[in-house]
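Asks: below are the sequence and a predicted model; questions follow.
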Amino acid sequence: MRQIEQNFSGTQDIPAQHQFNVHALSQWLEVHLEGFKGPLSARMFKGGQSNPTYLLHTPTHQYVMRSKPAPVAQLLPSAHAIEREFRVMKALQGSAVPVARMLALCSDESITGRAFFIMEMVQGRVFWDQSLPQLQAPKRRRVYQRMNEVIAALHKVDVHATGLGDFGRAGNYFERQISRWSQQYVASETEPIPEMQRLIEWLPKNMPASAQDGKMCLVHGDYRLDNLIFDEPGERILAVLDWELSTLGHPLADFSYHCMSWHVTPERFRGILGFDLKALGIPLEGEYIQWYCDQTGSQSPLQLQADWAFFLSYNMFRMAAILQGIAKRAQIGTASSVQAQTAGERARPMAELAWKYAQMC
């Protein structure tokens, strides 16, 4: 097993800063979760940098609990939207986008010290290394095909039919997101990153027409390989995880974020830049974009190519802001993963890469 899987796969004892009153949780579940019967024990999943995620055990069942970090008073505004995660996954039950079944939501922070929700435990496998070293070339290609199919299905969801028509605000999505992540970056800055200051000024002034065409759909916000649970053969996606950043937004913002993998190295952000993709059976970015365009029918690859550098720069800027938030949480002790400090250190190189792509526009 590679080091990345050792760091992120499986569970661990709950660190002191993420512990909660298991007895109080058990009492709440006895009232609010049908069929629940203790005794209850808990461990924490290693993966994830934002909302702590726990594996709950009883003699007959396993559940997953996802919560806000603690202490709640130190969280950034609008971050860690547990209630939104619960709502979107519940709305997607039975759709073409596979999600875990939602079981219970608790917004009362007096129970465990933070809001949380309970969902079913989906048994399957998570691929942490995007080069998929454990698979043969034909299966690698199928994994990428399944990823592409599901993000295309997500962007075709009828948000009004699923009750998500009010899940985001109207107006220019890129403009709002640039403003939001600029504010989040400033609020979590631990040391100056000159490229971030340049991007904060440059991005809103250089949005192409394709970023202002008013397109709107349900977006995941963090759609990548390690946020998917596959069946054991790697043939089918069983659940899409981590919907904290989901909203109504521009499909190309979501898809170009997903395609960042082709532009970053494994060391920088678990990407596939530098691998012999043809030998591995992994599609080149152009082919992957073609698949998406064929399935959504929304635009041609040639139309995307003209503005692709802007979309990548925007997403790298956004990721740098997210990584900076992780660095801040590591500094104050609320980060949910022991790898948070390392992740936070990647904010600067990600910002530098974002500025490099901005200069290509």
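Replies: Here it is on my side, so go on.

Asks: in the stretch 51-200 of the chain, which spans are strands?
Replies: 53-57, 62-67, 102-106, 116-120 (DSSP state E, counting those that start in this stretch).

Asks: please identify the pairing partners of the first one and their relative orientation?
Replies: When you say that, I think you mean strand 53-57. Sheet pairing of strand 53-57 (DSSP bridges) gives strand 41-45 (antiparallel), strand 62-67 (antiparallel).

Asks: for the last one, same thing?
Replies: Next to strand 116-120 in the sheet, as set by DSSP bridges, lie strand 62-67 (antiparallel), strand 102-106 (antiparallel).

Asks: pull the residues that contact it.
Replies: Applying C-beta atoms under 8 Å, 6 or more residues apart in numbering, the contact partners of strand 116-120 are 29, 33, 56, 63-68, 82-83, 85-86, 89, 100-106. (C-beta placed from N, C-alpha, C; glycine too.)

Asks: which of these are buried?
Replies: Applying 16 or more other C-beta atoms under 10 Å to the contacts of strand 116-120, the neighbour count classes 29, 33, 56, 63-68, 82, 85-86, 89, 100, 102-106 as buried.

Asks: okay, helices next: where are they in the stretch 151-300 of the chain?
Replies: Taking DSSP state H, counting those that start in this stretch as the test, the helices found in the stretch 151-300 of the chain are 173-188, 194-202, 251-258, 266-269, 277-280, 285-296.

Asks: and those, which one is worst for confidence?
Replies: Of all the helices of the stretch 151-300 of the chain, the minimum mean pLDDT falls on helix 266-269 (a mean of 80).

Asks: then that helix to CSV, C-alphas only?
Replies: In CSV, the C-alpha atoms belonging to helix 266-269 read as follows (Å, rounded to 0.1, in the frame of the first residue of the first chain):
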residue,chain,number,x,y,z
PRO,A,266,0.7,13.7,-7.3
GLU,A,267,2.8,15.6,-4.7
ARG,A,268,1.0,18.9,-5.2
PHE,A,269,-2.6,17.8,-5.1
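
Asks: okay, domains of the protein per the record?
Replies: The chain breaks down into these domains under automatic domain parsing: 3-120, 137-358.

Asks: single out the most deeply packed of the ones you listed.
Replies: Of all these, domain 137-358 carries the top mean neighbour count, a mean of 18, counting by mean count of other C-beta atoms under 10 Å.

Asks: can you get me the start-to-end distance on that domain?
Replies: 34 Å (C-alpha to C-alpha, to the nearest Å).

Asks: try stretch 213-231
Replies: One end of stretch 213-231 sits 38 Å from the other (C-alpha to C-alpha).

Asks: quick one: mean pLDDT over that stretch.
Replies: Mean predicted confidence for stretch 213-231 is 95.

Asks: point out where this structure drops to low pLDDT.
Replies: 1-8, 47-50, 70-80, 332-344 (pLDDT under 70).

Asks: can you check which helix is longest in it?
Replies: Across the chain, the helix with the greatest residue count (assigned by DSSP state H) is helix 301-332.

Asks: got the angle for that one vs helix 173-188?
Replies: 20 degrees (axes from the mean of the first three to the mean of the last three C-alpha atoms, to 10 degrees).

Asks: tell me what helix 301-332 is packed against?
Replies: helix 173-188, helix 194-202, helix 251-258, helix 285-296, helix 340-344, helix 347-358 (3 or more C-beta pairs under 8 Å, 6 or more residues apart in numbering; DSSP states H and E).

Asks: could you rerun that using 10 Å?
Replies: Applying 3 or more C-beta pairs under 10 Å, 6 or more residues apart in numbering; DSSP states H and E, we find helix 301-332 packed against helix 173-188, helix 194-202, helix 251-258, helix 266-269, helix 285-296, helix 340-344, helix 347-358.

Asks: so what's Leu132 up against?
Replies: By C-beta atoms under 10 Å, 6 or more residues apart in numbering, the contact list for Leu132 reads Lys139, Arg140, Arg141, Val143, Tyr144, Leu225, Gly234, Ile272, Leu280, Gly281, Ile282.
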